[in-house]
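**Student:** please find the sequence and the predicted model below.
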Amino acid sequence: GSLAPGLGWPSGGRCGPGLGVESARWLAGQGARSLPIGDTTGMGNPRSVAELFGQLLSALPDIHFIAHFHDTRGAGLANCLAAYQAAVHAHHLSADPRLVVDGWHNFSGGYDAARSLVRSKVKFSALLASDDSSAIGAMAGLRDAGRRIPRDVAVIGFDDQPDAVAQVPPLTSVHVSLHQ
C-alpha cells in the first residue's frame, strides 16, 4: 500500500492528519507493513509533516513509514527532516543535530556532506543518504578522508539505482516497490 496524498490532493486541497491516519489504518488492515507517505503536490510544510508523522507513529507503531517528498514548492528537504525529527521524538531517541547535513541529491553534495561530517569530529558509524547519487558521493568523500567502508562507516542509499552495485564495495540501497 501507499499513502501518496498524505497531506492533500491537487483537486481537493489540504487534508488534516486525521484522514492520513484513517487511510493508513485501512491500508494496515489490508496487510501493509510499510507505507510510503508522500507529498507530490507540495502542500506539506514542516509543521504539517511533523504533525502527520507524529500521529501516524503514535497510532500505528508497528508500521514502517517512509517519507517521500517531492520538492514541488521548495519544502521537500525540510519536510523530510521534519518526518525524521517526528520519528526521533516518537521513539524517545536523542539525535545530534550535527549528524544531519545536506547532500543535495547529487554526487558532489554527498561528497561534501561526508567530508563535512568527518571534519566536524562528531562520531558516526553509519550514513544514510536520501538517494543513491548522494550515497555514492559520500562513499568517495569518506574514502578520501581515510574512512573504510563498511568497516568504519556503513553507507546506505535510497532508490536502488543500477550503479549502486557497481561501487566498491557495492552500495546498500533501499528499494521501495511501488507495486506492493
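**Tutor:** That came through, no problem.
**Student:** the helices in the protein, which residues?
**Tutor:** Listed in chain order, the helices of the chain (DSSP state H) span residues 17-29, 46-59, 76-90, 107-120, 132-144.
**Student:** low pLDDT regions in the protein?
**Tutor:** Within the chain, the segments meeting pLDDT under 70 span 1-6, 8-12, 40, 70-74, 176-180.
**Student:** sorry, back to before: could you dump the helices of the chain into CSV with distance to His175 added?
**Tutor:** Heads up, the C-betas are built off the backbone N, CA and C, glycines and all. Formatted as CSV, these follow (distance: least, CB to CB, whole Å):
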stretch, distance to His175
helix 17-29, 19
helix 46-59, 22
helix 76-90, 18
helix 107-120, 19
helix 132-144, 10
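**Student:** the ones you listed: which one's closest to Asp39?
**Tutor:** helix 76-90 (6.3 Å; CB to CB).
**Student:** the nearest residue to Ile63 once chain neighbours are set aside: how many residues sit nearby?
**Tutor:** The shortest distance from Ile63 to any non-neighbouring residue, by CB to CB, 6 or more residues apart in numbering, is to Ala28 (5.4 Å). Ala28: 17 surrounding residues under other CB atoms under 10 Å.
**Student:** now Ala28: how far from Leu171?
**Tutor:** Distance from Ala28 to Leu171, counting by CB to CB, to the nearest Å: 31 Å.
**Student:** distance between stretch 30-49 and the chain's centre?
**Tutor:** A distance of 11 Å separates the centroid of the chain from that of stretch 30-49, by CA atoms, centre = their mean, to the nearest Å.
**Student:** may I see the buried residues of that stretch?
**Tutor:** Of all the residues in stretch 30-49, those buried under the rule 16 or more other CB atoms under 10 Å are 32, 35-46, 48-49.
**Student:** stretch 80-94 now?
**Tutor:** By neighbour count on 16+ other CB under 10 Å, the buried set for stretch 80-94 is Cys80, Leu81, Ala82, Ala83, Tyr84, Gln85, Ala86, Ala87.
**Student:** closest one of these to Asp102?
**Tutor:** The nearest member of the buried residues of stretch 80-94 to Asp102, counting by CB to CB, is Leu81 at 9.5 Å.
**Student:** quick check: the closest one touching Pro46?
**Tutor:** Yes: using CB atoms under 8 Å, Leu81 makes contact with Pro46 at a distance of 7.1 Å.
**Student:** common neighbours of those two, please.
**Tutor:** Contact criterion CB atoms under 8 Å, 6 or more residues apart in numbering; residues shared by Leu81 and Pro46: none found.
**Student:** quick revisit: in a markdown table: the buried residues of stretch 80-94, plus distance to Arg119.
**Tutor:** What follows is these, written out as a markdown table (distance: CB to CB, whole Å):
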| residue | distance to Arg119 |
| --- | --- |
| Cys80 | 23 |
| Leu81 | 21 |
| Ala82 | 26 |
| Ala83 | 27 |
| Tyr84 | 22 |
| Gln85 | 24 |
| Ala86 | 29 |
| Ala87 | 27 |
